[in-house]
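A.B. asks: Build the 3D model from these lines:
(2 chains)
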Amino acid sequence: GAVVSQHPSWVICKSGTSVKIECRSLDFQATTMFWYRQFPKQSLMLMATSNEGSKATYEQGVEKDKFLINHASLTLSTLTVTSAHPEDSSFYICSATGGLYTDTQYFGPGTRLTVL
Amino acid sequence: AQSVTQPDIHITVSEGASLELRCNYSYGATPYLFWYVQSPGQGLQLLLKYFSGDTLVQGIKGFEAEFKRSQSSFNLRKPSVHWSDAAEYFCAVGPEYGNKLVFGAGTILRVKS
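C.D. replies: Numbers count the residues shown, from 1 in each chain, chains lettered A, B, ... in the order given. As a prediction, this is how the structure comes out:
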């Protein structure tokens, strides 16, 4: 139980384009999903918290217009990096809680974004 | 503010040796404590968690952790390390169910044969 998937696992894009990353809870209803960013050899940095059907709550310093988060259903949240630039290159990880798993965050496998 | 300290950035142990990874937290109320493991290029896998009750908790892959309130610690242990345990380990503290987690900086475990 508590399986979270992400798609794609890696993506390369040109500077100025937008990239969408999907996070899905496969076997439970995720009322809350979290998006993290991880730089090489560093810990996870929380970017935003999204609750199904509500606007995401962004952490201080995270540009909400650049990192668009949508949590339209209980099994899917998307992160769109708009007008990506090389400094947006990073490892993005989502996590989810909900249903029988409200007390623990379960993480997806991550998405490696490289912006050329 | 909550914080988590993992004092050891890197630890190297021999295969078959015992392991202890340290985690200290700062939190004003009863913490919810977690240990996650991350293999290179992968997401985080939950090893174990502590919410209340028995202060010694058992997790997957033979890991255990002990909550010591007096020391504000939640150290992770394994009696005999396997080469496949080489990974990065993160300790995290949360306020309550499913809410934000504060992560430590992580400890990279290397296992030598």
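A.B. asks: the helices in chain A, which residues?
C.D. replies: For chain A, applying DSSP state H gives no helices.
A.B. asks: Mind jotting down where the strands sit in it?
C.D. replies: A:4-7, A:10-13, A:19-25, A:32-38, A:44-51, A:57-58, A:67-73, A:76-81, A:90-98, A:101-107, A:111-115 (DSSP state E).
A.B. asks: what about these, which gets the closest to B:G62?
C.D. replies: Nearest to B:G62, of all the strands of chain A, is strand A:101-107, at 19.8 Å by Cβ to Cβ. (Each C-beta comes from the backbone N, C-alpha and C, glycine too.)
A.B. asks: What strands flank that closest one, and is each parallel or antiparallel?
C.D. replies: In the sheet, strand A:101-107 lines up against strand A:90-98 (antiparallel) (DSSP bridges).
A.B. asks: quick check: angle from the strand it pairs with to strand A:19-25?
C.D. replies: Computed with axes from the mean of the first three to the mean of the last three Cα atoms, to 10 degrees, the direction of strand A:90-98 lies at 30 degrees from that of strand A:19-25.
A.B. asks: Based on its surroundings, how many neighbours for the closest residue to chain B within chain A?
C.D. replies: Across chain A, no residue is closer to chain B than A:T97, which sits at 3.5 Å (Cβ to the nearest Cβ). A count of nearby residues for A:T97, using other Cβ atoms under 10 Å in any protein chain shown, gives 22.
A.B. asks: In contact with it: list those residues for me.
C.D. replies: With Cβ atoms under 8 Å, 6 or more residues apart in numbering or on different chains as the criterion, the residues that contact A:T97 are A:30-33, A:103-106, B:97-98.
A.B. asks: what does B:H10 give?
C.D. replies: Contacts for B:H10 were tallied using Cβ under 8 Å, 6+ apart; they are B:107-108, B:110.
A.B. asks: circling back to that earlier point, need the strands of chain A in a markdown table with mean pLDDT, can you?
C.D. replies: Below are those laid out as a markdown table (pLDDT from 0 to 100):
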| stretch | mean pLDDT |
| --- | --- |
| strand A:4-7 | 96 |
| strand A:10-13 | 96 |
| strand A:19-25 | 97 |
| strand A:32-38 | 95 |
| strand A:44-51 | 92 |
| strand A:57-58 | 93 |
| strand A:67-73 | 93 |
| strand A:76-81 | 96 |
| strand A:90-98 | 95 |
| strand A:101-107 | 89 |
| strand A:111-115 | 97 |
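A.B. asks: Noted, bye for now.
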